Every structure is written in C-alpha cells, then in structure tokens.
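Novice: everything below, folded, please.
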Amino acid sequence: MASIRDRGTEHKASRFQARYRDPDGRQVSKSFRRKIDARRWLDETTADLVTGRYVSPRSGTVRLRDYATRWLNSQTFDPSTREGTERRLRLHVLPELGDIELRNIKPSTVQSWLAGRGGAASSTRIMLVNLSAILSAAVADGLIASNPCDSPTVKPPATEKRLIVPWSSEIVQNVAESHDSRFRAIPVLGAGCGLRQGEVFGLQVEDIDFLKRRVLVRRQVKIIEGVPVLAAPKGKREREVPLPDVVAFEISERMRVSPMGDTGQLFPWRDGSLIHRTYYNAQIWRPAVRAAGLTPSRETGMHQLRHYYASAMLDGGASIRDVSEYLGHADPGFTLRVYAHLMPSSEDRARSIMDRALVESSLNEDTGTD
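Specialist: All right, here's what the predicted structure looks like:
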C-alpha cells in the first residue's frame, strides 16, 4: 500500500515521506519538502508498478565497467568485431564513464562525454553505438528504466560529408606499374573488380574462374590480435564479380612468374604466409603511391581503387543495383548515397537519348522509310 506521511514542521527539508511496497514486498520510501512532490513521485512510481516499467532504486548500482565486461563476454561477435568493440570501450568509453553506476548515467553525462571526444566524428559515433548497446541491455535486464543515449538531448557529432573524387585511369595505371611483378595484379584486381583489400589478399587460385570470366569472393584476410587470418567476407556475403580480360591477363601473369602460397593463396607474402595489410601498405602500397606522384594518406589508400571501379562502372551505364552487388554492399541505397554524384546526370542522359532518336528519325526521312 502506498501512503504519504507528514513528519511535521520540524522536518522542513524532508517533511513529507512517501512510501510504497515493491514487488518483493519490501518498503521503499523517499522524503520531500512539499507534499505535491511526494504525491507526484508516488503516482509515477505506482504507474510504473502497474505497467511493468518499475525499476527498483537498488537496481543500477553496478558500475558501467563491470556491466560492460559481462555484456561483451555474452556477445556472439566475430573475433574482429569483438576486438574492435573491446578496444573502443577500453580506450574511449570506460576511462571516463567506467566507474559511474548505471543509474547515475544521465543524458547529460553522455552528452558531456561526447563533447570531450576528439578525432573523427565517425569514430565517435561508433563509440556511442557501443555505449548505447550496453545501456539498452541494462534496460532489458531491468537495471535502469531507460537508455540515456536515446534522449533527444544526446547529439552525436555530425559527420562531414565529403564527395569522393576518384583517381584517373592514369594514376591507377601508374600505381599498378610501380608494383613488382609478384604483386602488380593486386591493384589491377582492386580497380578492375572493385574488391576490398582484404578480399584481394584472401583470394585463392580456385576463386578465379577463367572459363566463366568471374571472380568468386568467398573469404578475406582479417587481422585478429595482430595476426592475419582467413575469414568470411564482410557481412558474410559471398558474391561473384565479372572478370575483365585485362584483370584475367594480369592474374595469369601473376600465376606464371611466381609460385602460389602453401594454402593456394593467389597473393602470399614473401615468406609464403598470408599478407599482413600493415606490411603491404608500408612496403609496397605507399612507395607505389609516391612513385605515382601522390602523398600517402588515408585519402590515398587502396580503397581508392574501389572508388575508381564504382565511378567507371556508373559512367559506363551500369545500374546502381549491379554496382552495389559487385562491391558487396548490403544495401543499394548505401551505394547510391556514396556515389550518386558520380552518375551521369539525368539531363545528360536525356540529351543523349533524344539526340539518338532525332538522328535516327532524320535518317529515316532521308531514306524515305517509316
């Protein structure tokens, strides 16, 4: 039973004591200076008890650090995702928020933490996603009533949208020619088939179907605890990509000039092991970028070859859906958002269509045909 007790004027700061019994039969009380505040609190608590939204004041006393550890251990992430999530929590979330009890993490707490983040906005937004997932689990476990990250007052940093400027064919060719014969097919595959770096490294001889002129993307090389390992492609989405003749020729040359890896890898490292992206980028890719007259940076990484592939395909008339499938994107809408500015404009297409139609009509009139 809920009630409000008047403790008398000698208790001015806590005159009115609101009391109720929780679902376990234990009495819970809280004191207020004004009776109206005690009544409001008691009414809200009663409503939560009736609707099932009630959370005991004793809940949520666990620290974020301890709950986050349990949460991470219970997830079914793949090793790479687990490693990245653990690193973000350890380096960016828990140092500032880890010792706070769950019940004391308010929207203002989260917003203050966000405001103190440095670095790329996209990275900060991923940190917020991880924190929100933990606090949503705490809500589901009945430890807190709501997720403070869901508050409209929590505003993650806006990401700056940069339009992709693809490399020219000349730059792609110069970068490829700056690779030695053992690795030259790597940038050619990236540019000619749009594969991610790890997907190129993960290719095996059996994945190249010269007869049907296609590349089977069935695995990638990922770095787990500093070691390159074979894993499923991103999102576990295997796919087939058309194999252009130029790429097929370079792969054939690669297979002719150098032996394959012990596991059939098309591009083993110099000792026959899986390629570690750190070694490849430092020893092969960046020198090739410099040789092409560019400055090595995040913007001149191997991902530029995927941008080149997408721009060339769209410029040649390929549909967004096809490009999305070949790139291995989960959603054609994502492909459209990233590369829409590279598509020929509707006005250009309309002019070309009508020019062809009018020319054909003129030819028909000249020849007297219908």
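Novice: run a quick neighbour tally on Leu274.
Specialist: The local packing of Leu274 (other Cβ atoms under 10 Å) involves 21 other residues. Every C-beta, even on glycine, is put in place using the N, C-alpha and C of the backbone.
Novice: touching, it and Leu230? I think so.
Specialist: Yes: assessed by Cβ atoms under 8 Å, Leu274 is found in contact with Leu230 at 7.0 Å.
Novice: low-scoring stretches of this structure, by residue?
Specialist: Counting by pLDDT under 70, the chain has low-confidence residues at 1, 24, 52, 54, 56-59, 259, 261-263, 344-350, 352, 360-370.
Novice: what do Leu274 and Leu230 both touch?
Specialist: Val221 (Cβ atoms under 8 Å, 6 or more residues apart in numbering).
Novice: strands of this structure, start to end?
Specialist: Using DSSP state E, the strands found in the chain span residues 3-6, 16-21, 27-32, 208-209, 214-217, 220-224, 227-231, 239-242.
Novice: what does the third one rub up against?
Specialist: Translated: strand 27-32. Contacts for strand 27-32 (Cβ under 8 Å, 6+ apart): 7, 11, 14-22, 38, 41, 56-57.
Novice: what's the answer for the first one, then?
Specialist: Contacting residues not belonging to strand 3-6 are listed as 15-20, 35, 38-39, 42 [Cβ under 8 Å, 6+ apart].
Novice: report the buried members of the residues you listed.
Specialist: 15-20, 38, 42 (16 or more other Cβ atoms under 10 Å).
Novice: just give me the neighbour total for the closest residue to Arg184 other than its chain neighbours.
Specialist: For Arg184, ignoring the flanking residues on the chain, the nearest one in space by Cβ to Cβ, 6 or more residues apart in numbering is Ala176 at 5.7 Å. Ala176 has 22 neighbouring residues, counting by other Cβ under 10 Å.
Novice: Ala176 against Leu189, yeah?
Specialist: No: using Cβ under 8 Å, Ala176 is not in contact with Leu189, being 9.8 Å away.
Novice: next, count neighbours for the closest residue to Asp78 other than its chain neighbours.
Specialist: Closest residue to Asp78 apart from its sequence neighbours, by Cβ to Cβ, 6+ apart: Ala231 at 7.0 Å. By the criterion of other Cβ under 10 Å, Ala231 has 18 neighbours.
Novice: list the contacts for Ala231?
Specialist: 78-80, 202, 219-222, 224.
Novice: redo that, cut-off 7 Å
Specialist: 78, 80, 219-220, 222 (Cβ atoms under 7 Å, 6 or more residues apart in numbering).
Novice: now do Ala282
Specialist: Ala282 touches nothing, counting by Cβ under 7 Å, 6+ apart.
Novice: separation between it and Ser178?
Specialist: Look at Ala282 and Ser178: by Cβ to Cβ, to the nearest Å, they are 15 Å apart.
Novice: distance check, Val50 against Pro23.
Specialist: Taking Cβ to Cβ, one finds Val50 at 11 Å from Pro23.
Novice: oh sorry, the question was meant for Arg34
Specialist: Taking Cβ to Cβ, one finds Arg34 at 28 Å from Pro23.
Novice: what's the answer for Val289, then?
Specialist: 64 Å.
Novice: buried only: go through the contacts of Ala231 for me.
Specialist: Buried among these by 16+ other Cβ under 10 Å: 80, 219-220, 222.
Novice: related to what we said a few turns ago, the strands of the chain: which one's closest to His329?
Specialist: The closest of the strands of the chain to His329 is strand 239-242. By Cβ to Cβ, the value is 9.9 Å.
Novice: that closest one pairs with which strands?
Specialist: strand 214-217 (antiparallel) (DSSP bridges).
Novice: please state the offset of the strand it pairs with from the chain centre?
Specialist: Remark: strand 214-217 is offset 24 Å from the chain centroid, using Cα atoms, centre = their mean, to the nearest Å.
Novice: CA-only coordinates of that strand, as PDB, when you get a sec.
Specialist: Backbone C-alpha positions of strand 214-217 (Å, rounded to 0.1, in the frame of the first residue of the first chain) are rendered in PDB as follows:
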ATOM      1  CA  ARG A 214      34.300 -14.300 -63.000                       C
ATOM      2  CA  VAL A 215      35.900 -13.900 -59.600                       C
ATOM      3  CA  LEU A 216      34.400 -15.700 -56.600                       C
ATOM      4  CA  VAL A 217      34.700 -13.600 -53.400                       C
END
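Novice: got the contact list for that strand?
Specialist: Residues beyond strand 214-217 that count as contacts (Cβ under 7 Å, 6+ apart) turn out to be 193, 195, 199, 207-209, 233, 238-243, 328.
Novice: got the domain boundaries for the protein?
Specialist: 3-51, 64-150, 169-300 (automatic domain parsing).
Novice: tally of neighbours for Gly192?
Specialist: Gly192, neighbours per other Cβ under 10 Å, totals 26.
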